[in-house]
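# fold the following for me, if possible:
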Amino acid sequence: MMIMAMAMEMEMMMVMVMTKMMVKMMVIVMKMEMMMMMMMMMMMMMMMMMVIVMKMEVEIMMMEEEDDEDKNGKDQDEGEEEVETKEEEKDEEDEEDEDEDEDEDEDEDEEDEDDVCLYPIEICKNRLQAMQKKQNQSEQENVKKVYM
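Numbering: from 1, shown residues only. Got it, this is the predicted structure:
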């Protein structure tokens, strides 16, 4: 009887120790997961900050170009400015339709000063979109790595 009681007590002790170990392991895993989540959140915040900064830079460039256009436009009449905006819209449509004919567009740039203002904006937009795509892909890959 005494040996049985000792054995039972030992078994209970082992179970207690095992459960304590399991709880500790769970806590450690939870902490690690929390750290991973924190890291992911930090990465996301950094990415968002980068995107916001890029947007701000593009907006600042746009504002500067608008200011330059306003300075150039003060000398001209309002009617001529309206004509210029129509020409700019046509030029934008032409750029979308004729990406292949870059040489012709460059010749047009030399002729019209309005195109010169439009080109950097388009380039910035394209770069911004490309960067956002890369960021999205890298974020998705990171998420896949974490969950795999």
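
# tell me the SS of residue 56?
Under DSSP: H, G, I helix; E, B strand; the rest coil, residue 56 falls in the helix class.

# list the residues that contact it.
Residues near residue 56 by CB atoms under 8 Å, 6 or more residues apart in numbering: none. Glycine gets a C-beta too; all of them are placed from N, C-alpha and C.

# and it, how far from residue 49?
In this view, residue 56 and residue 49 are 10 Å apart by CB to CB, to the nearest Å.

# same deal with residue 147?
25 Å.

# between the two, point out the one with more neighbours.
With neighbours defined as other CB atoms under 10 Å, residue 147 and residue 49 compare such that residue 49 has more, 10 against 6.

# and the helix or strand hosting residue 65, average pLDDT?
Here residue 65 sits within helix 2-73, counting by DSSP states H and E. The pLDDT scores in helix 2-73 average 81.

# and the contacts of stretch 3-23?
Residues contacting stretch 3-23 (CB under 8 Å, 6+ apart): none.

# just the CA trace of it, in PDB.
Extracted in PDB, the C-alpha atoms of stretch 3-23 (Å, rounded to 0.1, in the frame of the first residue of the first chain):
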ATOM      1  CA  ILE A   3       4.600   1.800  -2.300                       C
ATOM      2  CA  MET A   4       1.400   2.400  -4.300                       C
ATOM      3  CA  ALA A   5       0.800   5.700  -2.500                       C
ATOM      4  CA  MET A   6       4.400   6.700  -3.200                       C
ATOM      5  CA  ALA A   7       4.000   5.800  -6.800                       C
ATOM      6  CA  MET A   8       0.800   7.700  -7.100                       C
ATOM      7  CA  GLU A   9       2.300  10.700  -5.400                       C
ATOM      8  CA  MET A  10       5.300  10.600  -7.800                       C
ATOM      9  CA  GLU A  11       3.000  10.300 -10.700                       C
ATOM     10  CA  MET A  12       1.000  13.300  -9.500                       C
ATOM     11  CA  MET A  13       4.200  15.300  -9.100                       C
ATOM     12  CA  MET A  14       5.300  14.400 -12.600                       C
ATOM     13  CA  VAL A  15       1.900  15.500 -14.000                       C
ATOM     14  CA  MET A  16       2.100  18.800 -12.100                       C
ATOM     15  CA  VAL A  17       5.700  19.400 -13.400                       C
ATOM     16  CA  MET A  18       4.700  18.500 -16.900                       C
ATOM     17  CA  THR A  19       1.700  20.800 -16.800                       C
ATOM     18  CA  LYS A  20       3.800  23.600 -15.400                       C
ATOM     19  CA  MET A  21       6.400  23.000 -18.200                       C
ATOM     20  CA  MET A  22       3.600  23.100 -20.800                       C
ATOM     21  CA  VAL A  23       2.200  26.300 -19.400                       C
END
